[in-house]
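[1] next input, structure requested:
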Amino acid sequence: MKKITKETYLNWYTNMLFWRKFEDKLAAVYIQQKVRGFLHLYNGQEAVLAGSLHAMEIGKDRMITAYRNHVQPIGMGVDPKRVMAELYGKATGTSQGLGGSMHIFSKEYKFHGGHGIVGGQIPLGAGMAFGDKYFDRDNVTLCFMGDGAVRQGSLHETLNLATLWQLPVVFVVENNGYAMGTSVARTASHQEIWKLGLGYDMPCEPCDGMNPSAVAKTMDKAITLARKGGGPSFIEMNTYRYRGHSMSDAQQYRTKDEVEEYRKIDPITQVKDVILSKKYTSQKHLDEIGLSIKERVIECEKFAESSPYPDPSLMYDAVYEQEDYPFLKHKL
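    Next up, the predicted model:
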């Protein structure tokens with residue numbers, strides 16, 4: 001496993017804080033109706049991504065996830081300006097403004113979405129891992145999902161085949177406690193999601209998803225196993241989201257006191273506390289990082305604001321391969 005050093009913690013703090021502020025800005029511009037449609041924010045779950053990235057081989061390994069997918073591509077190397085432009089529906093976005101919040105992709109950086117269908121990414125993740133195994137590549141695919149997605153039949157079909165074929169994939173459940181507004185306790189007779197892997201004789205375990213160090217160690221073990229041909233693993237990351245399921249969520253299923261309790265173990269605060277307790281840097285330096293991040297977020301906003309919208313004809317180009325498609329009643 002790659003060592004977790006002073007530099008690791010400083011990078012975690014910088015990246016996690018940027019992701020948090022980036023999404024806070026998205027929430028603000030959403031209220032201004034500059035970003036429209038659905039918007040699912042990642043606030044509180046940053047440790048899962050930070051720890052996973054530390055364990056991955058960036059540039060080789062792949063990542064696929066559901067619709068809470070704005071900061072993952074940034075972590076994989078995508079320019080955050082292009083991510084914000086995509087949410088604005090601009091031509092400079094990662095999908096030329098046609099994908100929006102839930103469908104961010106980057107083949108170049110091996111980030112394969114962003115999928116709006118609950119659980120839809122799970123068999124796709126196994127499929128990419130199958131391709132890597134077929135062509136004898138030592139890449140590993142990380143396939144993320146929410147706790148609600150584990151109730152989809154496609155998960156169980158995928159786990160069965162992934163184990164049968166010993167695919168190099170790590171299935172990661174980001175269990176933030178609620179599938180939209182439905183608690184885990186109301187969706188199954190047990191609340192230990194990781195045990196679903198036992199039914200497929202698959203290595204599986206829970207992990208503290210609020211601590212990037214714990215995430216890195218757990219993910220390193222699973223990724224190493226997959227890379228060596230040991231097959232898939234099923235990991236439950238116990239985490240929490242501080243914002244609603246989406247921007248339209250009234251959050252009547254939980255109390256403010258519950259949210260505040262989880263804020264006491266905020267992953268960014270945990271990393272900051274380690275940095276200061278071990279004297280990796282000063283509070284002054286952390287404040288400077290915060291100011292730098294604020295400027296970066298503003299740059300992303302300005303880029304998205306100033307970028308042009310895509311030409312409407314692009315919608316036809318992206319859907320119809322045949323230029324003289326006979327069933328188009330209106331041509332632009």
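[2] low-confidence ranges in this structure?
    Counting by pLDDT under 70, the chain contains low-confidence ranges at 328-332.
[3] where exactly do the helices run in it?
    Ranges of helices within the chain are 6-31, 46-55, 71-76, 80-87, 121-134, 153-164, 212-227, 256-263, 267-277, 283-306, 313-319, based on DSSP state H.
[4] so who does Leu26 touch?
    Counting by C-beta atoms under 8 Å, 6 or more residues apart in numbering, Leu26 makes contact with 35, 39, 41, 70, 84, 87. Every C-beta, even on glycine, is put in place using the N, C-alpha and C of the backbone.
[5] so Ile4 sits against Ala50, correct?
    No - with contact defined as C-beta atoms under 8 Å, Ile4 and Ala50 do not form a contacting pair (10.9 Å).
[6] which neighbours do the two share?
    In contact with both Ile4 and Ala50: Ala216, using C-beta under 8 Å, 6+ apart.
[7] which one of the contacts of Leu26 is nearest to Cys143?
    Set against Cys143, the nearest of these by C-beta to C-beta is His70 (17.9 Å).
[8] for that closest one, give its distance to Leu39.
    Using C-beta to C-beta, to the nearest Å, His70 is found at 9 Å from Leu39.
[9] single out the most deeply packed of the helices of the chain.
    Highest mean neighbour count of the helices of the chain: helix 46-55, a mean of 26 (counted as mean count of other C-beta atoms under 10 Å).
[10] how about residues contacting it?
    Here helix 46-55 makes contact (C-beta under 8 Å, 6+ apart) with 1-2, 4, 8, 12, 15-16, 19-20, 42, 63, 71-72, 75-76, 142, 144, 172, 174, 209-220, 223, 237, 239, 267-268, 270-271.
[11] make JSON lines from the helices of the chain and add distance to Gly100 to it.
    Below are the helices of the chain laid out as JSON lines (distance: least, C-beta to C-beta, whole Å):
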{"stretch": "helix 6-31", "distance to Gly100": "12"}
{"stretch": "helix 46-55", "distance to Gly100": "20"}
{"stretch": "helix 71-76", "distance to Gly100": "14"}
{"stretch": "helix 80-87", "distance to Gly100": "6"}
{"stretch": "helix 121-134", "distance to Gly100": "16"}
{"stretch": "helix 153-164", "distance to Gly100": "23"}
{"stretch": "helix 212-227", "distance to Gly100": "28"}
{"stretch": "helix 256-263", "distance to Gly100": "27"}
{"stretch": "helix 267-277", "distance to Gly100": "27"}
{"stretch": "helix 283-306", "distance to Gly100": "12"}
{"stretch": "helix 313-319", "distance to Gly100": "13"}
